[in-house]
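Engineer: have a look at this prediction, sequence included:
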Amino acid sequence: MLIRGAVQGVGFRPFVYRLATDMALPGWVSNSAQGVSLEVEGEHEPLTTFLLRLERERPPRSAIQGLEYSFLPAQGLTGFSILESDGAGRRTAILLPDIATCADCLREIFDPANRRYLYPFTNCTNCGPRFTIVTALPYDRARTTMRAFSMCPACAHEYHDPTNRRFHAQPNACPACGPQLTLWDGEGRPLAERHEALLRAAEQVRSGQIVAVKGIGGFHLLVDARAEDAVRRLRARKHREEKPLALMYPSLDQVKAACRVAPLEERLLCAPEAPIVLLRRTTPAGGAPDVGVAPSIAPGNPYLGVMLPYSPLHHLLLRELGFPVVATSGNLSDEPICTDEGEARERLHGIADAFLVHDRPIARHADDSIARVLLGRELVLRRARGYAPLPVHLGREVPTLLGVGAHLKGAVAVSVGTEVFVSQHLGDLETVQASDAFQRAVDDLERLYELHPAAVACDAHPDYVSTRYAQGRGLPLVRVQHHHAHVMACMAENSLTGTALGVSWDGTGYGLDATVWGGEFLQVTSSTFRRVAHLRPFRLPGGEQAIREPRRAAIGLLYELFGDSLFSMPHLPPVEAFAPEERGVLRQMLARGVNCPWTTSAGRLFDAVAAILGIRLGRQFEGQAAMELEWAADAAETAACYPFDLHEADGTLRVDWGPALHALLADQARRTAPGPIAATLHNTLAEAIVAVARRIGERQVVLSGGCFQNRVLTEGAVARLKAAGFSPYWHQRIPPNDGGIALGQILVACAALEEQACALPSLDRSSA
């Protein structure tokens, strides 16, 4: 019998052993390169019962995706045993993510009578590191970074005792034989060891210092979240001006005192994945939020990114401190997270005042995942610890392919058999360090699964780091249009087949007509797409600079309506934001079309409106203006919509926002507050989606792209689509942003190969 799925690292073999022993069925079980292999011997009826119980009583963190079995002649087996793992054959076994500390281990950590009392590396088959310690498959201790730690007699007894929950728990360890903590000063000199190191690190946090803590998937930078001076010092050293900082709270009760926590949000906070969850702050009747944390944690943000301790080390630290801490990635902005203490000492020098390190190596980095509850289910915005590298199941055998993703929010993917494994979040490929981490992630997946891809899929943009890497692989190349990949990723996650209307809205994507796309309606099949509609285009004066400055996007949007007369309207915030001489330069650029690319981007439209309303003229991080426009809309309640037009030209619909913008400016002139205006704009865009869906006539409507991280837009679009009789689909565990692009690329490339087009040296699915 061969069982495929999430069956390694979750106590599946011990479960099979106990089940077979309980039923007095002789045989054996073993990890294999494909999953779990086993044989049991007995009469037909008990064997049938065994199969039924296998599925019904499986371990809670396991998932059976395939169970292949056959009845063979009896061989006279006696007893039941767990055999050594078999690494032969194609590697398709599912590697589990890291799992948050279970309740049983947590009780032991805080039980003075237990031999693991206060031990920060306690784990069992139900919890602990997996993805970040595995060096090869199948999953066994010898193939993890724990191989250097020999188990003491007590741990070895647990490991070999079928009745113990640490039976074949690969990272099993205790204070006598396992990894240990050390505290360094800012120069890397040892200050303390073991529990004393933890206590002194906590004291430094308590005194306002910044401590770099080596966790499961890399380093955190910890600082007292209540101390405004300390938080500002962290921001200055990390070069992170305004982007929200994640918080770790000691307990759920403290989270509930600071934030509104709905039942689904509580479930997500306490889930084994333990992501950062976006929660709305508690707002006192008097007005401004006061949640006991420094104002600079998330300036102007009605939400906090909150997580609970998920490893024994974090539980011990937060129990000792008793107050929330900032727990942000241990890196400089735009760089990958540090994983090695030597690397951290070099890269975080001058940022951290001290380093709490340990001697268990990290095989690969994994940032904290970020999620929010939207439309009654989780929406993962950053997919890393707890989620990666769980695959998307395709339900059919596909060629072995590599998808290298896009440029921002990087992630890569590989197809293996019937699965597509999507890597952890890799960040933006803006720096040498990020580019190196991207290449390591590709090498890592190919090595773990011993892959030899038949082709590589990349974005159609010729200048992305990921595209240049793909071009250098010497493999058949499939170029996939960015928004097509977005839609296919969402279809794959939702197991959709056939044709659909894909609504792919984001900030930037390489268009087929040499313009910047981002407000697209695509009629898609598994291998092709047709651009059936898009938002009305406008110019971006300054190109990339307009992406960084919403006021420039606003000038481009308004110029499309008013032409040169715009510059005689200085009462508008984006016009007023430029000096007279700057306006003259912008006017000439737009009139001549110099460095003013055309865009249909919904993301840039949101930026522009945020600037027009005076909400955000510049930005400190990607998506900031659009986020603040969403918050303004979220605070207002209105069902109103602005007018818009649908025009057809050359067989393509154009959603003309011109009437809406005129009405918006009239509201602004009447001194209507920004909130109701923003809410009305969101309603208008949701209604535009329905209008296009009616014209195209596809029942399945797929919402993807970074704009659908926006709760107001997504909930409004889904509600209106359902009311109009359509079947809307959106993301859940694959991010709607560019973190899902690699998955979509794989799907398009699979279809290309299945069409036998791979005989060509290069395939271009960007112009289907």
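Structural biologist: In hand now; what should we look at? Numbers count the residues shown, from 1 in each chain.
Engineer: how far away is Tyr310 from Ile99?
Structural biologist: 9 Å (CB to CB, to the nearest Å). All C-beta spots, glycine's among them, are computed from the backbone N, C-alpha and C.
Engineer: what sits in contact with each of the two?
Structural biologist: Gly386 (CB atoms under 8 Å, 6 or more residues apart in numbering).
Engineer: could you pull up the contacting residues of the closest residue to Arg61 other than its chain neighbours?
Structural biologist: Nearest residue to Arg61 in three dimensions, chain neighbours excluded: Val10, at 4.3 Å (CB to CB, 6 or more residues apart in numbering). Val10 makes contact with Pro59, Arg61, Ser62, Leu96, Thr125, Asn126, according to CB under 8 Å, 6+ apart.
Engineer: tell me the secondary structure for Val10?
Structural biologist: coil (DSSP: H, G, I helix; E, B strand; the rest coil).
Engineer: kindly report the same for the one 3 residues further on.
Structural biologist: Arg13 falls in the helix class when you classify it by three-state DSSP.
Engineer: cool, and Leu316?
Structural biologist: Applying three-state DSSP: Leu316 is helix.
Engineer: and for His220?
Structural biologist: Going by three-state DSSP: His220 is strand.
Engineer: surely it touches Thr339?
Structural biologist: No: using CB atoms under 8 Å, His220 is not in contact with Thr339, being 11.7 Å away.
Engineer: span of stretch 345-360 from start to end?
Structural biologist: This stretch, stretch 345-360, spans 16 Å end to end (CA to CA, to the nearest Å).
Engineer: pull the distance from it to the chain's centre.
Structural biologist: Mean C-alpha position of stretch 345-360 versus that of the full chain (CA atoms, centre = their mean, to the nearest Å) differs by 25 Å.
Engineer: likewise for stretch 133-153?
Structural biologist: 27 Å.
Engineer: what do you get for stretch 518-536?
Structural biologist: Per CA atoms, centre = their mean, the centroid offset for stretch 518-536 relative to its chain is 25 Å.
Engineer: filter the contacts of Val10 to the buried ones?
Structural biologist: Buried by 16 or more other CB atoms under 10 Å: Pro59, Arg61, Ser62, Leu96, Thr125, Asn126, out of the contacts of Val10.
Engineer: can I get the residues you listed in a markdown table with secondary structure?
Structural biologist: Shown next, in a markdown table, are the buried ones among the contacts of Val10 (three-state DSSP):
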| residue | secondary structure |
| --- | --- |
| Pro59 | coil |
| Arg61 | coil |
| Ser62 | coil |
| Leu96 | coil |
| Thr125 | coil |
| Asn126 | coil |
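Engineer: least confident pick among those?
Structural biologist: The member of the buried ones among the contacts of Val10 with the lowest pLDDT is Arg61, and it reads 73.
Engineer: for that residue, what are its contacts?
Structural biologist: Taking CB under 8 Å, 6+ apart as the test, what Arg61 contacts is Ala6, Val10, Gly11, Leu96, Ile99, Asn126, Pro272.
Engineer: coming back round to it: out of His220 and Thr339, which sits in the busier spot?
Structural biologist: Neighbour totals were compared for His220 and Thr339, and His220 leads with 27 against 21 (other CB atoms under 10 Å).
Engineer: across the sheet, point out what pairs with the more buried one.
Structural biologist: Legend: beta-bridge partners of His220 under DSSP bridges are Val213, Ser329.
Engineer: how close does it sit to Ile337?
Structural biologist: For His220 relative to Ile337 (CB to CB), the value is 9 Å.
Engineer: now the common contact residues for these two.
Structural biologist: Ser329, Gly330.
Engineer: domains for the chain, by residue range?
Structural biologist: Here the domain parsing of the chain from automatic domain parsing is 2-82, 181-358, 380-498+737-765, 517-522+533-729.
Engineer: mind listing what's buried in the longest helix along the chain?
Structural biologist: The longest helix of the chain (DSSP state H) is helix 674-696. Neighbour counts over helix 674-696 (16+ other CB under 10 Å) mark 674-693, 696 as buried.
Engineer: for stretch 722-739, same thing?
Structural biologist: Buried, per 16+ other CB under 10 Å, within stretch 722-739: 726, 728-739.
Engineer: what sits against Val211?
Structural biologist: Counted by CB under 8 Å, 6+ apart, Val211 has contacts Ala201, Gln204, Val205, Leu221, Leu222, Val223, Ala352, Asp353, Ala354, Phe355, Leu356.
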